[in-house]
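1. this is the structure alone, sequence omitted:
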Ligand SMILES: Nc1ncnc2c1ncn2[C@@H]1O[C@H](COP(=O)(O)OP(=O)(O)O)[C@@H](O)[C@H]1O
Ligand SMILES: Nc1ccn([C@H]2C[C@H](O)[C@@H](COP(=O)(O)OP(=O)(O)O)O2)c(=O)n1
């Protein structure tokens, strides 16, 4: 009698990059939940680093001061897509990292090479430890952090649609009008795309998905299909 040996499927690594408001977080969480994978929001890590610096009196527009402090905070990400968490030195950073103050400072902090080196190392170790696979979303995942990812997706959408999505989220909190949100978003795109160290950029082997005319459900379905196709091909 011959025994059939069942081998667990190899962990799948999915990189989802793109500018703000294209749907990276919503899509990545849903895809990870649907496929039983872990989830990592790398933007939350840069935001947590920025929040820690602002809270600890580091001059965020002084790259030398930011570089000197980059090794100090202990940043921990919980990777359950149903309840992702983020802490800095043990303090819950979930709420504070979404303030306008952090959003306005995060591009400057994340452009500093010492910050990127530290957080990139953290991201790679989280991906290595994800035994069932992981969806990692950010700006430089496909190009720099996980260049050997099994699937790379680059989400895009028109600036108008992205601003409308963001401003829909802000209502009742930091209500900013649409044009202010649009300008802030485009400023951040320019800063993130033009920095020297691992700028926001589509990887050569990424699949581009323009979400302008798609519902969130359609984007999720499209990415789930792309992951399943990769899994079947290996
Ligand atoms: N395809 C879509 N259609 C409509 N709204 C969307 C779509 N994708 C995302 N959203 C909404 O837009 C907002 C920003 O999405 P999010 O996933 O945070 O984007 P990102 O992580 O790229 O900044 C959220 O409120 C989300 O629900
Ligand atoms: N892999 C990453 C992820 C984010 N960043 C930086 C640049 C982004 O403007 C900020 C915030 O990222 P986040 O994904 O939270 O931003 P949005 O949700 O798209 O507004 O962090 C980065 O430099 N590299």
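-> Now that the structure is in, tell me what you want to look at. Predicted model, so just to flag it, every value in this text is computed and none were measured. Numbering: from 1, shown residues only. Ligands and ions are numbered 1, 2, ... in the order given.
2. contacts for the lowest-mean-pLDDT helix or strand in the chain, please.
-> Lowest mean confidence among the helices and strands of the chain (mean pLDDT, DSSP states H and E): helix 159-170, at a mean of 86. For helix 159-170, contacts defined as CB atoms under 8 Å, 6 or more residues apart in numbering pick out 19-23, 157, 176-179, 181-182, 185-186, 211-212. C-beta: built from backbone N, CA, C; applies to glycine.
3. restrict the residues you listed to contacts with ligand 1.
-> With CB under 6 Å from any ligand atom as the criterion, those include 20-23, 211 near ligand 1.
4. before we move on, the earlier item: how about the very next helix or strand once past the least confident helix or strand of the chain against ligand 2, any contact?
-> Sequence-wise, the next helix or strand downstream of helix 159-170 (DSSP states H and E) is helix 178-194. Yes. Counting by CB under 6 Å from any ligand atom, ligand 2 is contacted by helix 178-194 at 188, 192.
5. I'd like to know which elements helix 178-194 is packed against.
-> helix 100-110, helix 159-170 (3 or more CB pairs under 8 Å, 6 or more residues apart in numbering; DSSP states H and E).
6. would you mind finding the most buried of those helices?
-> helix 100-110 (a mean of 19; mean count of other CB atoms under 10 Å).
7. any part of the helix or strand that that helix is followed by near ligand 2?
-> Following helix 100-110 in sequence order, the next helix or strand is helix 113-129 (DSSP H and E). No. Helix 113-129 lies apart from ligand 2 when judged by CB under 6 Å from any ligand atom; the minimum separation is 7.2 Å.
8. what's near enough to touch residue 157?
-> Per CB under 8 Å, 6+ apart, neighbours of residue 157: 21-23, 165, 210-212.
9. about what we covered before: how about the helices and strands packed on helix 178-194 in JSON lines, adding distance to residue 66?
-> Converted to JSON lines, the helices and strands packed on helix 178-194 look like this (distance: least, CB to CB, whole Å):
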{"stretch": "helix 100-110", "distance to residue 66": "6"}
{"stretch": "helix 159-170", "distance to residue 66": "25"}
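10. looking at those helices, which is closest to ligand 2?
-> helix 100-110 (3.6 Å; CB to the nearest ligand atom).
11. contacts for the closest one, please.
-> Contacts with helix 100-110, where a contact means CB under 8 Å, 6+ apart, come from 43, 46-47, 49-51, 53-54, 60-61, 63, 66, 96, 115-116, 174, 176, 184, 188, 191-192, 195.
12. re the thing from before, nearest to ligand 2, of the ones next to ligand 1 among the contacts of helix 159-170?
-> Checking these against ligand 2 with CB to the nearest ligand atom, the nearest one is residue 20 at 3.3 Å.
13. assign the closest one to helix, strand or coil.
-> Per DSSP: H, G, I helix; E, B strand; the rest coil, the local secondary structure of residue 20 is coil.
14. that one contacts residue 184, correct?
-> No. In this structure residue 20 lies outside contact range of residue 184 using CB atoms under 8 Å: 9.1 Å.
15. neighbour count: the two, which is higher?
-> Each of residue 20 and residue 184 has its neighbours counted (other CB atoms under 10 Å); residue 20 has more, 23 against 17.
16. contacts only, for the residue nearest to that one when sequence neighbours are not counted.
-> Leaving out its chain neighbours, the residue that sits closest to residue 20 by CB to CB, 6 or more residues apart in numbering is residue 185, at 5.3 Å. Applying CB under 8 Å, 6+ apart to residue 185 gives the contacts 19-21, 159, 162-163, 166.
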